[in-house]
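Participant: Sharing a sequence plus its predicted fold:
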Amino acid sequence: MKWIKWILGILLAGIITIWPANLIMHHTGKVDMDNLNAFQYWVKFLTVPALAFGSFLFLACVFVPVQKKYAGITVFVLNIVFFGMGAYQHYSDDGVLKSVYLLRYICFTAFSIIAFMAAYKMYKNRHWTEG
């Protein structure tokens, strides 16, 4: 039963964080990243998704009942897969990975690492690795 709660905790964390971020970023359809104003780039397409991916990782650690370290690692790997797929998509669309996308993926990764460290600090003495 703990494994079901564990998986549901990760799914719930993703639904709470990634789904709304996706709606905020892509509700208008295809976006021209070369013609964004500062608010659109720095808030809508950099800060919101970076916070969403970091929150996804942190909340996954919060919502799973035990072995929070492995939930964090699982979500970190999922995030890296998402980032890789996004980078590949942008690379295949443009023929090169533009610096605006590279900065985004670096920030997404940094926020994921920060979230993992925060979860570790919060749970290192309680359910971090033991089952």
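Facilitator: In hand now; what should we look at?
Participant: so where do the helices sit in this protein?
Facilitator: Counting by DSSP state H, one finds helices in the chain at the ranges 2-26, 38-39, 48-63, 68-94, 99-123.
Participant: dump the residue contacts of the residue nearest the centre of the chain.
Facilitator: For the chain, the residue lying nearest the average C-alpha position, counting by C-alpha atoms, centre = their mean, turns out to be Phe53 (1.8 Å). Contacts for Phe53 were tallied using C-beta atoms under 8 Å, 6 or more residues apart in numbering; they are Thr17, Ile18, Ala21, Asn79, Phe82, Phe108, Phe111, Ser112, Ala115. In short, each C-beta sits where N, CA and C put it, glycine included.
Participant: got those as a markdown table, with pLDDT columns?
Facilitator: Converted to a markdown table, the contacts of Phe53 look like this (pLDDT from 0 to 100):
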| residue | pLDDT |
| --- | --- |
| Thr17 | 94 |
| Ile18 | 88 |
| Ala21 | 85 |
| Asn79 | 95 |
| Phe82 | 92 |
| Phe108 | 94 |
| Phe111 | 96 |
| Ser112 | 96 |
| Ala115 | 97 |
